[in-house]
Structure formats: structure tokens, C-alpha cells
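how does the following fold in three dimensions:
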Amino acid sequence: MSEYQVYMVGGAVRDRLLGRAVHDHDWVVVGATPEQMAARGFLPVGRDFPVFLHPQTREEYALARTERKSGQGYRGFVVQAAPDVTLEQDLARRDLTINAMAAAPDWDGGEAVVDPYGGQADLRSKVLRHVTDAFREDPVRILRVARFAARLHDFSVAPQTLELMREMVTAGEASALVPERVWQEISRGLMESHPSRMFGLLRACTALAVLLPELDRLWGVPQRAEYHPEVDTGVHTMMVLDMAARLDAPLAVRYACLVHDLGKGTTPADVLPRHIGHEQRSAELARQVGQRLRVPTDCQELADVVAREHGNIHRSDALDAQAIMRLLERCDAIRKPGRFEQALLACECDARGRLGFADRPYPQRQRLRDALAAALSVPTAQAAAEAAAQGKQGKAIGEAVHAARTQAVAAWLARAGSAPAAP
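This is a model prediction of the structure:
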């Protein structure tokens, strides 16, 4: 590749300087044409600008390029990739200074990096700062900065960058984002170490009211202090979300935590701080959000279960066998025990995501696990055969299986001595 130069750029440089593990590499090629790349065996994959796959490593190599705004939204760009585009010009189009650094392909962290915009200084100062005013041309950057705030939780956002993000929202740029891209960035942010910071920053720049108004309206909504010492529903939701991160919960659980209390934002003011019936309202709002953002089905289904049933799961230590079986059936736990386990984890996050509750045990999780195990221990084929031998058919056979499972749960409760056994 003597005709042109290859540089390692972006996250790989940033993370190595931070002492973090590097999992992916981004490469920029300066001084090359698409024809030269193809002649070296690189495979073209880019639609909007020239990107190539390395013939051996399959890593992406992008030709240095510039971008010029041509319309609203993140797709409104004219891209120029040409041999005369410099490395500094390519770095200038990036979002944050800490992502606008480059190094030689074999850089091991010891030599100097190409840093025309002060990324190393911002790493040392722990600041998230936009590179140039061209930041305002791509609304996805609002979400990306928020995601980096969740990942680099001890970094602050430069005041000028926050103000620029507000201006972008006011100009309608956040409204132009397509649902798939919003979910892509939110889902990534949910999986960071401090996901609450993503939503805190989106709220600070007013983008949350545009992208997730159902969530934004939770702040300032009071709850009963005996159950929620933190009182504010928005604060509680963020504590639940960070507890999910602390417990290393998967994406579906974190999403369920995010939307489990949306209905509290629609509670009539004259009944506050009580939230009677908020579970069904939460489920309906979570369904609307899931459809609007095109959230994956597994995340939507778990969110529905958690929104509807988290109150009942919290109170399950007082339920008898019949009530427990009804709860298991409403959660479809017999058919989908794995999803029910995720629902229990989300409910534990909800219970512990409260002021002073973080280290409290949540026995309901193990108790309902054991109850489900008892219900699943019933040989259903045998129970159905016995019911059929008694002349039962159709629905009556299902009721017989249900009764056998209820009896098994009752027997387990009697052995555990934790609640009255139902007949």
C-alpha cells in the first residue's frame, strides 16, 4: 500500500489511551481510489460512501472523506471521498474530540497519535466535546454523546456541546431521526455501565421529550414515600435501570426496567401520590413505544409482562397456591420459563432501585422460581390421561391439568411453610 496511507482511528485509539480493552478497529485510508482498493483485493460494501472489507481480516477500511449537509436528518449529506482528502479533514467530520484521533496501523500506545482537535487533552480532563460546529449537521450525534455519557460515566459534557445539542433539538433535528436509528443507539446505551446518564443527558438537552415523551413526563411525578423514599418517579426509573446494569441484566430486562412505570406519568393529579391502575396504563404505553421505535419482539413481550405484573410479583409472598398459579399463567411462565426468569430479574431491579433499598434481599424471586418448578414437575400427560379416563374433554382436561399444578404448588407451599396451602 505504498501509494496511500492507512490509519487506525476512532474508538480503538481512544480506548487504548484510556487503558481499556480494544475489541474493534476502524481504519481510514488516505490517498486511495476505489479502484486501487479493489485491485488489492478489498471488497466494496459501502452504499453511501466507499467502505471496503479487508481480504483477510474482514475489518472495514473507509476512504478518507468529507461530508456536507444537504437536508434535514442524519441522511441529508453529500459525501466526498477522494485521494486529496486529508486525514485532518476526515477527522474533522467526527462527533467528539476523543473520537477524532488517529495512529499508525501497528501503533502499540507508545508513539504519538495524530490529534489535531485536542482529544488527548479532553481524555485527561474527562470531557465530551464536539470537534467542530459541523456536529450540528447529524442528529444521531445527540444520541451518541448521550451513549458515551453512559459509558464514560465520570466524564462531563462540555457546556458548548450541550448548548449545541439543545439548538439542534430546537431546530427539529431530533424529530427527523428514523425509529430504527433511535432504537439502535438507545439499545446500545441501555447496555452501558451507567445507562441512566444517557437519559439524563437526553433530558438535559430536551431531546428526551421528543424521542421518548412517555419517559420524559415521569420526572416530577411523586410516589408514596413509604414505598419509594426517592419519591420522584423519573429518579426511581433511572435507579431501576442502573440496578439492572449492576446486576448485569440482558437488554430485554433493561428495556423492561426502562418502561415498566410509564403509566405513572398519566396518573390524574387529584389521586397522587397513589397510582391506582398504573400497571395496565404502563403496559399500553410500553406497547406504543415498542411499536413506534420498532423494538425487537422479545424486548416488547418482556416489557408487557413486567409492566402488567410487577406489582403482583412484589406482593407474591402473600399469595396462596391458587393465586400463584393464576400469576404464573398470566405471565405464560409454564410455556416460557426463561422469559419468566427475566421478568423476575426485572422485578428485583425495580424493588432494589429505590433509595436505601439497593442491598436489600428480594426473596420473591426465588420463591416464584420454586413455585414454577413445582408446577412444572407435574406430569401433564398423565394428568390429562387420567382426566380423559374420567370422561373429561377439551377445556375440562385443561382445567384438570391446572388443578394438578395448583396442588403441586400447594404441596410445595406447605413444605416451605411460607404461605397457606390452597385446597
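
CA only for contacts and neighbour counts going forward, please
Will do.

which stretches of the stretch 51-200 of the chain have low pLDDT?
69-78 (pLDDT under 70).

can you give me the helices for it?
Along the stretch 51-200 of the chain, the stretches classed as helices by DSSP state H, counting those that start in this stretch are 87-92, 119-125, 140-151, 159-170, 179-190, 196-204.

right, and those - which one's nearest G338?
helix 179-190 (20.7 Å; CA to CA).

where do the helices of the stretch 301-423 of the chain begin and end?
For the stretch 301-423 of the chain, applying DSSP H, counting those that start in this stretch gives helices covering 321-330, 337-352, 363-376, 380-389, 395-416.

comparing those helices, which gets the lowest mean pLDDT score?
Among those, helix 380-389 carries the lowest mean pLDDT, at a mean of 78.

list the buried residues of that one.
Residues of helix 380-389 classed as buried: 380, 383-384, 387 (neighbour count, 16 or more other CA atoms under 10 Å).

which one of those is nearest T86?
Distances from T86 to those, taken by CA to CA, are shortest for T380, at 70.1 Å.

list the contacts for the nearest residue to the closest one once chain neighbours are set aside?
Using CA to CA, 6 or more residues apart in numbering and skipping residues adjacent in sequence, the residue nearest T380 is V401, 6.2 Å away. Counting by CA atoms under 8 Å, 6 or more residues apart in numbering, V401 touches 380, 383-384.

those into CSV, with extra columns for distance to G290?
Converted to CSV, the contacts of V401 look like this (distance: CA to CA, whole Å):
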residue, distance to G290
T380, 35
A383, 39
A384, 38
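
which one of those is nearest to A225?
T380 (45.1 Å).

how much space separates M239 from V231?
12 Å (CA to CA, to the nearest Å).

number of nearby residues for M198?
Using other CA atoms under 10 Å, M198 has 27 other residues around it.

any idea how far it is from L143?
Taking CA to CA, one finds M198 at 8 Å from L143.

where does the stretch 201-350 of the chain dip in pLDDT?
Judged by pLDDT under 70, no stretch of the stretch 201-350 of the chain qualifies at all.

quick one on the thing from earlier: determine which stretch of the helices of the stretch 301-423 of the chain is the most buried.
helix 337-352 (a mean of 23; mean count of other CA atoms under 10 Å).

so can I have TSV of the helices of the stretch 301-423 of the chain showing distance to V28?
Below are the helices of the stretch 301-423 of the chain laid out as TSV (distance: least, CA to CA, whole Å):
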stretch	distance to V28
helix 321-330	53
helix 337-352	41
helix 363-376	50
helix 380-389	61
helix 395-416	62
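
which one of these lies nearest to P55?
Of the helices of the stretch 301-423 of the chain, nearest to P55 by CA to CA is helix 337-352, at 40.4 Å.

packing partners for that closest one?
Helix 337-352 is packed against helix 233-246, helix 251-259, helix 297-314, helix 363-376, with contacts defined by 3 or more CA pairs under 8 Å, 6 or more residues apart in numbering; DSSP states H and E.

same thing but at 7 Å, please
Under the contact definition 3 or more CA pairs under 7 Å, 6 or more residues apart in numbering; DSSP states H and E, helix 337-352 sits against helix 233-246, helix 251-259, helix 297-314.

can you redo those helices as JSON lines with mean neighbour count and distance to G119?
Formatted as JSON lines, these follow (neighbours: other CA atoms under 10 Å; distance: least, CA to CA, whole Å):
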{"stretch": "helix 233-246", "mean neighbour count": "24", "distance to G119": "28"}
{"stretch": "helix 251-259", "mean neighbour count": "26", "distance to G119": "31"}
{"stretch": "helix 297-314", "mean neighbour count": "20", "distance to G119": "36"}
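
do you know which of those helices lies nearest E3?
Nearest to E3 among those is helix 251-259; the distance by CA to CA comes to 44.7 Å.

now the angle between helix 179-190 and the helix or strand following the closest one, please.
Using DSSP states H and E, the helix or strand that follows helix 251-259 in sequence is helix 278-293. Per axes from the mean of the first three to the mean of the last three CA atoms, to 10 degrees, the angle that helix 278-293 makes with helix 179-190 is 120 degrees.
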